[in-house]
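my questions concern the predicted model and sequence given below.
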Amino acid sequence: MVMMKEGQQLEMFMTGEQYQAMERYVAGQNKDTEHRIASVQRQLNVLLNGGLIEGVHFKNNFTVEENVTETVSLGGRWYDVPEFEAEVTYNKSEGGVFLLYDVVDMEDGERKVVKKSTYFSLTSEGKVECYTIVGSYRAVKPETILRKIGEMAAVAKERLILVNQKDKHYNNAIAKLKLEFPNAVSVEKGNEWVRSHNWKNSYNVDVITVAFEDGSYIQYDVNDFTGEIKIRKVYDVVVENQTLQDKVNNLKNRLS
């Protein structure tokens, strides 16, 4: 007796339209993989010829696995046949080539300069399009990408120094304010949204807020470079709840 695999049995019960849909899918996947192989090879040639180094300026995690067997859902309006499942075998590709650039980010609870990856594309002339690195969708030469990646690395190193310095100033300020206000329920760093008549000019600033049990609070600015602490805002619940007459009476008492 000849034993048949499940995939072979499924094919025996397929209609002609279903079998054609399966063949179209496999052919499409194989063709797509061929195109991706050619595209990745072209990307690698352009980057390497431009002086970029794999693992430093770009990463390549593109892989091809031949004769992968999977059960997929086919049919629907793209195949002119009701949806059905079929076991197919095709060449499968994953990953790709990505440019690398340096940024300051948290890693293992510590600020570090880390590499991030980003997508890019090539023009027919062999120029590179990458908004993340160029700052626009303008196509540039690979040598320009190499220079900009180097500039981003230098900026990231400088930013790490400045950010660590800023963190130190804020930590020192929090420690001082905790000593100054031992009855505060919290002394924390946060953000304050600064509104402008033009929303494009609105922005966030870092502040330290000293909060008290009755809802009163004091906000402080800390100079990023010198660590100088300045009062930004005072909210006193008692004062805010005073009526106009209360304020008049307080003024009379103070001047009498």
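Thanks, I have the structure now.

quickly list what Lys230 is bridged to.
Asp221 (DSSP bridges).

that one and Gln219 touch, don't they?
No - the criterion here is CB atoms under 8 Å, and Lys230 misses it with Gln219 at 10.0 Å. The way it works is simple: take the backbone N, C-alpha and C, and place the C-beta from them, glycine included.

more neighbours: which of the two?
Gln219 (18 against 9; other CB atoms under 10 Å).

quick one: secondary structure of the more buried one?
Look at Gln219: counting by DSSP: H, G, I helix; E, B strand; the rest coil, its state is strand.

what's near enough to touch it?
The contact partners of Gln219, taken as CB atoms under 8 Å, 6 or more residues apart in numbering, are 192, 207-210, 231-234.

again, only using 6 Å
By CB atoms under 6 Å, 6 or more residues apart in numbering, Gln219 lies in contact with 207, 209, 232-233.

could you pull out the strands for the chain?
58-60, 63-76, 81-94, 97-107, 110-118, 121-122, 128-129, 186-194, 203-211, 217-222, 229-235 (DSSP state E).

point out where this structure drops to low pLDDT.
The chain contains residues with pLDDT under 70 at 1-13, 78-79.

quick one on the thing from earlier: so which of the contacts of Gln219 wins on neighbours?
Going by other CB under 10 Å, Thr209 tops the contacts of Gln219 with 20 neighbours.

hmm, back to that, got JSON lines for the strands of the chain, with distance to Val46 too?
JSON lines is the format used below for the strands of the chain (distance: least, CB to CB, whole Å):
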{"stretch": "strand 58-60", "distance to Val46": "10"}
{"stretch": "strand 63-76", "distance to Val46": "20"}
{"stretch": "strand 81-94", "distance to Val46": "19"}
{"stretch": "strand 97-107", "distance to Val46": "10"}
{"stretch": "strand 110-118", "distance to Val46": "16"}
{"stretch": "strand 121-122", "distance to Val46": "6"}
{"stretch": "strand 128-129", "distance to Val46": "7"}
{"stretch": "strand 186-194", "distance to Val46": "42"}
{"stretch": "strand 203-211", "distance to Val46": "39"}
{"stretch": "strand 217-222", "distance to Val46": "47"}
{"stretch": "strand 229-235", "distance to Val46": "51"}
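
which one of those strands is the most hemmed in?
strand 128-129 (a mean of 22; mean count of other CB atoms under 10 Å).

what's that one in contact with?
Contacts of strand 128-129 (CB under 6 Å, 6+ apart): 120-121, 137, 139-140, 142, 145.

repeat that for 8 Å
Contacts of strand 128-129 (CB under 8 Å, 6+ apart): 46, 99, 120-123, 134, 137-142, 144-145.

pop the domain breakdown of the chain in here.
The chain resolves into domains spanning 6-95, 99-162, 181-255 when parsed by automatic domain parsing.

select, out of those, the one closest to Lys168.
Closest to Lys168 of these, according to CB to CB: domain 181-255, at 7.7 Å.
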